[in-house]
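Participant: sequence and predicted structure, then a few things I'm wondering about:
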Amino acid sequence: MKKSVLRNVSLALGTAALALGGFATAAQAQRDPAYAAARASGQIGEKMDGYLGIVGAGSSQLQAMVSDINIKRRAVYAQKAQAANATLEEYSLTAGCLAIARTAPGEKYQAPDGSWQTRTSAPPLRDSRCP
């Protein structure tokens, strides 16, 4: 992935984050108690591809919630990728890098090897392609 594309994507994500008052996804702008509880309990976590993932087996309700959030994220990513002259994959990877960097201690995230990790006070493990 070209550094200039990553830089453009990072700038677009930053602009979108300011517009939404937080991270650049509609999903995080609409946190509800079920989402917050699932995140705090480690049932869901941020994936390297910019989407949420279910850690372990999830109920049908949890699966539906994660699917809904991911559909909303994809719509935002597609729009922002086009504006940043990037591919959806480039944009979502950069969004994933930023989401993982913003996890709080105790929250789950996907490491570069695909395993689920629990964030500590140390920086999270991130993909080498992260800006």
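Facilitator: Cool, the structure landed. Please read all numbers here as calculations on a predicted model, not as lab measurements. Numbering: from 1, shown residues only.

Participant: tell me which element residue 45 falls in.
Facilitator: For residue 45, the host element (DSSP states H and E) is strand 44-46.

Participant: so what touches that strand?
Facilitator: Strand 44-46 is contacted from outside by 35, 38-39, 52-55, 58, 62, 66, 96, 99-100, 103, 107-110, 116, using Cβ atoms under 8 Å, 6 or more residues apart in numbering. Using the backbone N, CA and C atoms, a C-beta is placed for each residue, glycine as well.

Participant: just the buried residues of those residues.
Facilitator: For those, a burial check counting by 16 or more other Cβ atoms under 10 Å picks out 35, 38-39, 52-55, 58, 62, 66, 96, 99-100, 103, 107-110.

Participant: give me the subset of the contacts of strand 44-46 lying in strands.
Facilitator: In this view, the contacts of strand 44-46 that belong to strands under DSSP state E are 52, 53, 54, 108, 109, 110, 116.

Participant: contact partners for the third one?
Facilitator: Going back to what we said before, that points to residue 54. Residue 54 makes contact with 43, 44, 62, 63, 66 under the criterion Cβ under 8 Å, 6+ apart.

Participant: what's the answer for the last one, then?
Facilitator: Under the criterion of Cβ under 8 Å, 6+ apart, the contact partners of residue 116 comprise 45, 53, 55, 108, 109, 110.

Participant: show me the beta-bridge partners of it.
Facilitator: Assessed by DSSP bridges, residue 116 has beta-bridge partners residue 110.

Participant: gap between the nearest residue to residue 53 once chain neighbours are set aside and residue 76?
Facilitator: Spatial nearest neighbour of residue 53, chain neighbours left out: residue 47 (4.4 Å); criterion: Cβ to Cβ, 6 or more residues apart in numbering. For residue 47, the distance to residue 76 equals 16 Å [Cβ to Cβ, to the nearest Å].
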